[in-house]
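Enquirer: Show me the folded form of this:
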Amino acid sequence: MKAALKYEVLADLSKPVDEIVEFISLMLQSHPGKRIEILQQIDQHVGDALAELQREPSNEITEDTSAEM
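Expert: This next block holds a predicted model:
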């Protein structure tokens, strides 16, 4: 049987960006030799999700979310 290191996460859903950034930082610290690969894959997934949302006219951005970043 192979042992696995796992994290349990408790996130404040009122601060999604802060919580996601914190979790990504935690994962990057746990995999120092794979940081670029992990960030590239995250970038791909985020880009795909944004492209999908932008193709759907009903998902127009209606609020300024720049303050969250």
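Enquirer: Strands of the protein, start to end?
Expert: Listed from the start of the chain, the chain has no strands (DSSP state E) to report.
Enquirer: which residue is nearest the centroid of it?
Expert: Residue closest to the mean C-alpha point of the chain, counted by Cα atoms, centre = their mean, is residue 20 at 5.1 Å.
Enquirer: Tell me how far that residue lies from residue 46.
Expert: Using Cβ to Cβ, to the nearest Å, one gets 10 Å for the distance from residue 20 to residue 46. From N, CA and C alone the C-beta is placed, and that goes for glycine too.
Enquirer: Also residue 11?
Expert: Counting by Cβ to Cβ - residue 11 and residue 46 are separated by 17 Å.
Enquirer: Over to residue 30?
Expert: Applying Cβ to Cβ, the value for residue 30 to residue 46 is 20 Å.
Enquirer: May I have the lengthiest helix in the chain as CSV, with CA atoms only?
Expert: Secondary structure of the chain per DSSP state H: the longest helix is helix 35-55. The C-alpha trace of helix 35-55 is given here as CSV (Å, rounded to 0.1, in the frame of the first residue of the first chain):
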residue,chain,number,x,y,z
ARG,A,35,6.2,24.5,-9.5
ILE,A,36,6.4,25.6,-13.2
GLU,A,37,4.5,22.5,-14.4
ILE,A,38,1.8,23.0,-11.8
LEU,A,39,1.4,26.7,-12.6
GLN,A,40,1.3,26.0,-16.3
GLN,A,41,-1.5,23.5,-15.8
ILE,A,42,-3.4,25.9,-13.6
ASP,A,43,-2.9,28.6,-16.2
GLN,A,44,-4.3,26.2,-18.9
HIS,A,45,-7.4,25.3,-16.9
VAL,A,46,-8.1,28.9,-15.9
GLY,A,47,-7.7,30.0,-19.6
ASP,A,48,-10.0,27.3,-20.8
ALA,A,49,-12.6,28.2,-18.2
LEU,A,50,-12.4,31.9,-19.1
ALA,A,51,-12.7,31.2,-22.8
GLU,A,52,-15.8,29.0,-22.2
LEU,A,53,-17.4,31.7,-20.1
GLN,A,54,-16.7,34.4,-22.6
ARG,A,55,-18.3,32.4,-25.4
